[in-house]
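Novice: Fold the stuff below for me.
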Amino acid sequence: MATTSGAETMANELAHSLEATMGRLQSIWNEIGIMEEQRKDRRKVVLHHLQALLEEMVAEEENLRTRLLQSVEDCGKELLKISKELHVPVYEPDEGLSILCLEKELRTRVDTLSKEKHDRMKQLTSLKEKEQQLCDVLSTTPFYIAPDTVPSNDQLAALRQHISTLQTEKNTRQEIFLETKRQIITFLDNLDLTPNSALERDVVCEDEESFVLSSDNMAALKTLHAELEKKQNDVIALASDLRIQVTTLWDRLMIEQAEREAFNRDNQGFKPRVLKALREEIQRCRELKLQNIRRYVEGLRAEITQLWNRCYFSQDQRDQFTEYFSDDFTEDLLEAHDQQVARLKQYYDNNRDILKFVEKWEDLWKKMLEFERRANDPSRYNNRGGGLLQEEKERKKVHKLLPKVEEEVSRAIKEYEQKTGQPFLVDGCPFLDYVTAQWNKHNEEKEQEKHRRHLAKAKQLEEERTNGAKPATTPKRRFLTTPTKTPTKRKKTPKTPGNRVPSKRPPLPGSGMRRALAEKNTPDRSHGFSTSTLSGASSGTNASLMSCGTYSEFSRDLEVRSNCRSSAIPISPDEQGAHF
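Specialist: Residues are numbered from 1 along each chain as shown. This is a model prediction of the structure:
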């Protein structure tokens with residue numbers, strides 16, 4: 001309605017203006033004297049000009065509308081394209097917008113997204129330059145972003161992370177390269193070598209920044225380092241082996257210590273010069289060896305004996321090497337001994353773990369025997385300061401470890417026999433048989449020791465019977481026999497004058513023997529022992545010991561007469577009561 005009113009007002013104003021203008025033209029034409037026909041033509045011209053002007057104005061406005069619509073279309077397309085490139089949602093305009101507002105809104109949106117696109121491309125260019133530098137150093141593939149595309153924010157973040165990873169990898173490889181380069185230079189110096197290959201020259205001679213830290217180069221660098229390290233280790237092992245040979249020859253030739261120290265002082269390390277000196281020393285000692293065969297063979301025999309012991313060879317196994325007992329000292333005998341030493345060393349090296357277990361068992365076995373020996377030593381009780389407690393702890397520890405070590409040795413030997421198909425012998429027999437033999441030997445020695453003590457005691461009693469008892473001394477320890485108990489029932493003893501009761505202590509062990517010996521030492525020597533030594537003897541067996549001519553007859557007589565015993569032997573309480 002407002003638009004219609006505005007158009008009518010404009011039409012009225014145009015009509016009034018046209019009427020005024022035509023009035024002025026009519027006045028001018030009147031003054032000029034223009035004819036009516038000419039005036040009609042001129043009015044047509046005026047009308048034509050007016051129509052042309054209006055048509056031109058309409059055309060311009062239509063052109064403007066067309067350009068706005070084209071701009072809307074172009075901006076819409078550009079907006080759609082940029083939105084897709086930037087991976088953002090496509091703008092949807094509000095309904096009811098005029099062409100001009102829509103064009104302005106779309107153009108503003110396009111400008112905003114174009115600026116963001118420009119910023120992303122600028123970031124991509126900068127990041128790509130950094131990435132390319134790192135990729136050139138590391139010789140690796142760049143992060144892929146499709147060409148002629150605008151990266152998304154996620155792609156830019158991933159590219160930044162990739163660059164950070166490449167930078168970290170470069171730093172790591174750079175550190176590895178510098179450390180490996182230092183070690184390679186050390187290896188070359190130790191081995192007296194110069195860089196020969198292109199890689200060695202690049203590593204040693206070229207600038208550190210010029211070395212390409214590619215995966216292939218790093219792998220080649222690692223391989224070079226491993227080769228040089230192995231070469232150095234081989235040379236070190238060779239030098240060590242040569243030194244062992246030199247030391248062995250020195251020991252067998254009994255070279256002076258001063259001469260050894262002088263040689264070692266001048267030939268330290270493992271450089272080629274040192275290896276040459278060691279080889280020359282070995283050759284010199286071998287020449288001396290041939291000049292001193294006898295002494296050298298004796299040294300070899302001492303070494304063979306030591307190896308036999310370490311390998312737990314039995315006497316039969318040792319006797320198989322008959323050259324050991326030969327007195328014909330020739331080069332053949334020397335060579336046979338050298339080969340035997342080599343075989344024994346090889347055997348020991350191949351079975352080192354098992355032999356170490358056996359050696360451990362042997363050490364524990366010797367400790368156990370030592371503890372048992374100490375247990376039979378009376379002087380151990382004079383120890384102070386907790387020594388007995390510590391000894392008891394050690395003894396329990398040994399008894400606990402011994403079966404465990406036996407189990408470990410048995411398991412190792414079983415694995416060895418399953419692997420090689422050959423028995424493993426210790427002192428010429430299987431290990432368990434060896435252990436059993438040691439226990440049997442130990443028990444037999446204990447029985448022999450017990451029997452020896454019994455014989456010694458019997459001999460002592462015989463000497464006391466023959467020569468008389470030793471003077472009584474106060475013992476530091478009680479007898480190891482069961483102490484005599486006081487009888488529970490006694491006859492009442494009447495009190496003596498002075499109201500003193502006789503002592504109720506039992507006689508000391510051996511007192512009966514001393515009384516018998518005292519009677520033996522009286523002037524009347526017509527009998528050997530007093531009948532008081534036969535405690536509780538019946539009247540039917542009240543015979544004198546005069547009939548026992550020897551100690552063995554005396555012992556048999558004691559066995560026959562069961563109720564006759566020496567007072568030096570501990571007696572039961574009932575027998576003690578009978579004795580009193």
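Novice: ranges for the helices of the stretch 1-150 of the chain?
Specialist: 2-32, 36-86, 99-138 (DSSP state H, counting those that start in this stretch).
Novice: Show me what the first one is packed against.
Specialist: When you say that, I think you mean helix 2-32. Identification of packing neighbours for helix 2-32 by 3 or more C-beta pairs under 8 Å, 6 or more residues apart in numbering; DSSP states H and E yields helix 36-86. Where C-beta positions appear, they are placed from N, C-alpha and C, glycine not excepted.
Novice: Can you check what angle separates the helix it packs on from helix 99-138?
Specialist: Angle, helix 36-86 to helix 99-138, by axes from the mean of the first three to the mean of the last three C-alpha atoms, to 10 degrees: 30 degrees.
Novice: Would you mind checking the average pLDDT for helix 36-86?
Specialist: Mean pLDDT, helix 36-86: 88.
Novice: so it versus helix 2-32, what angle?
Specialist: Orientation check (the same axes, to 10 degrees): helix 36-86 against helix 2-32 gives 150 degrees.
Novice: quick revisit: mind putting the helices of the stretch 1-150 of the chain into TSV with mean neighbour count and distance to Val150?
Specialist: Shown next, in TSV, are the helices of the stretch 1-150 of the chain (neighbours: other C-beta atoms under 10 Å; distance: least, C-beta to C-beta, whole Å):
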stretch	mean neighbour count	distance to Val150
helix 2-32	10	45
helix 36-86	13	4
helix 99-138	15	5
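Novice: and those helices as TSV, adding distance to Met368?
Specialist: Formatted as TSV, those follow (distance: least, C-beta to C-beta, whole Å):
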stretch	distance to Met368
helix 2-32	125
helix 36-86	88
helix 99-138	66
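Novice: so which of these gets nearest Leu344?
Specialist: helix 99-138 (56.3 Å; C-beta to C-beta).
Novice: how far is the closest one from where the chain is centred?
Specialist: For helix 99-138, the separation from the chain centroid amounts to 56 Å (computed by C-alpha atoms, centre = their mean, to the nearest Å).
Novice: Show me what that helix packs onto, helices and strands only.
Specialist: Using 3+ C-beta pairs under 8 Å, 6+ apart, helix 99-138 is in contact with helix 36-86, helix 153-190.
Novice: Any buried residues in the last one, and which?
Specialist: Same thing as helix 153-190. Within helix 153-190, the residues scored as buried using 16 or more other C-beta atoms under 10 Å are 155, 159, 162-163, 166-167, 169-170, 173, 177, 180-181, 184, 187-188, 190.
Novice: following the helix or strand containing Glu372, which helix or strand comes up?
Specialist: Under the criterion of DSSP states H and E, Glu372 resides in helix 352-375. Using DSSP H and E, the helix or strand that follows helix 352-375 in sequence is helix 387-420.
Novice: so that following helix versus helix 352-375, what angle?
Specialist: Here the directions of helix 387-420 and helix 352-375 differ by 150 degrees (the same axes, to 10 degrees).
Novice: For helix 387-420, buried residues please.
Specialist: Going by 16+ other C-beta under 10 Å, helix 387-420 has these buried residues: Glu391, Arg395, Val398, Leu401, Leu402, Val405, Glu406, Val409, Ala412, Ile413, Tyr416.
Novice: Need these in JSON lines (columns: pLDDT and distance to Glu256).
Specialist: Below are the buried residues of helix 387-420 laid out as JSON lines (pLDDT from 0 to 100; distance: C-beta to C-beta, whole Å):
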{"residue": "Glu391", "pLDDT": "76", "distance to Glu256": "45"}
{"residue": "Arg395", "pLDDT": "80", "distance to Glu256": "47"}
{"residue": "Val398", "pLDDT": "82", "distance to Glu256": "43"}
{"residue": "Leu401", "pLDDT": "84", "distance to Glu256": "44"}
{"residue": "Leu402", "pLDDT": "83", "distance to Glu256": "45"}
{"residue": "Val405", "pLDDT": "85", "distance to Glu256": "43"}
{"residue": "Glu406", "pLDDT": "83", "distance to Glu256": "46"}
{"residue": "Val409", "pLDDT": "85", "distance to Glu256": "42"}
{"residue": "Ala412", "pLDDT": "86", "distance to Glu256": "43"}
{"residue": "Ile413", "pLDDT": "88", "distance to Glu256": "44"}
{"residue": "Tyr416", "pLDDT": "84", "distance to Glu256": "43"}
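Novice: What is the nearest of those to Leu253?
Specialist: Checking the buried residues of helix 387-420 against Leu253 by C-beta to C-beta gives Tyr416 as the nearest, at 36.8 Å.
Novice: Reformat the helices and strands packed on helix 99-138 as TSV; add distance to Cys311.
Specialist: Listed next are those as TSV, based on distance: least, C-beta to C-beta, whole Å:
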stretch	distance to Cys311
helix 36-86	83
helix 153-190	37
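Novice: Out of these, which gets nearest to Arg265?
Specialist: Across the helices and strands packed on helix 99-138, Arg265 has its closest neighbour in helix 153-190 (19.2 Å, C-beta to C-beta).
Novice: Does the closest one pack against any helices or strands, and if so which?
Specialist: Packed against helix 153-190 by the contact rule (3+ C-beta pairs under 8 Å, 6+ apart) you find helix 99-138, helix 198-204, helix 215-253.
Novice: Look up how far Ala412 lies from the residue nearest to Ile145 when sequence neighbours are not counted.
Specialist: Closest residue to Ile145 in three dimensions, ignoring its sequence neighbours and counting by C-beta to C-beta, 6 or more residues apart in numbering: Pro151, at 5.3 Å. Distance of Pro151 to Ala412, given as C-beta to C-beta, to the nearest Å: 66 Å.
Novice: backbone phi and psi for Asp427, please?
Specialist: The phi/psi pair for Asp427 (degrees, to the nearest 10) reads phi 60, psi 40.
Novice: so it touches Ser314, yeah?
Specialist: Yes: with contacts counted by C-beta atoms under 8 Å, Asp427 reaches Ser314, the gap being 4.9 Å.
Novice: ok, back up a step: for Leu249, which of the helices of the stretch 1-150 of the chain is the nearest?
Specialist: Leu249 lies closest, by C-beta to C-beta, to one member of the helices of the stretch 1-150 of the chain: helix 99-138, at 55.1 Å.
Novice: Report the mean confidence score over the closest one.
Specialist: Mean pLDDT, helix 99-138: 88.
Novice: just the angle between it and helix 215-253, please?
Specialist: The directions of helix 99-138 and helix 215-253 differ by 20 degrees, with the same axes, to 10 degrees as the criterion.
Novice: Mind pulling the model confidence for Ile304?
Specialist: Looking at Ile304, its pLDDT is 93.
Novice: Let me know the helix or strand that it is in.
Specialist: Per DSSP H and E: helix 293-311 holds Ile304.
Novice: so that helix versus helix 352-375, what angle?
Specialist: Using the same axes, to 10 degrees: helix 293-311 against helix 352-375 is 80 degrees.
Novice: buried set for helix 293-311?
Specialist: Buried residues in helix 293-311, defined by neighbour count with 16+ other C-beta under 10 Å: Tyr296, Val297, Gly299, Leu300, Arg301, Glu303, Ile304, Leu307, Trp308, Arg310, Cys311.
Novice: Okay, now the unreliable bits of the stretch 401-550 of the chain?
Specialist: Residue ranges of the stretch 401-550 of the chain with pLDDT under 70: 468-550.
Novice: What's the separation between His87 and Lys117?
Specialist: According to C-beta to C-beta, His87 stands 11 Å off from Lys117.
Novice: hmm, I was thinking of Asp234
Specialist: Counting by C-beta to C-beta, the gap from Asp234 to Lys117 is 64 Å.
Novice: Excluding chain neighbours, what is closest to the residue most central in space within the chain?
Specialist: Taking C-alpha atoms, centre = their mean, the centroid of the chain lies closest to Asp353, which sits 18.5 Å from it. Leaving aside its sequence neighbours, Asp353 sits nearest to Ala412 (C-beta to C-beta, 6+ apart; 6.2 Å).
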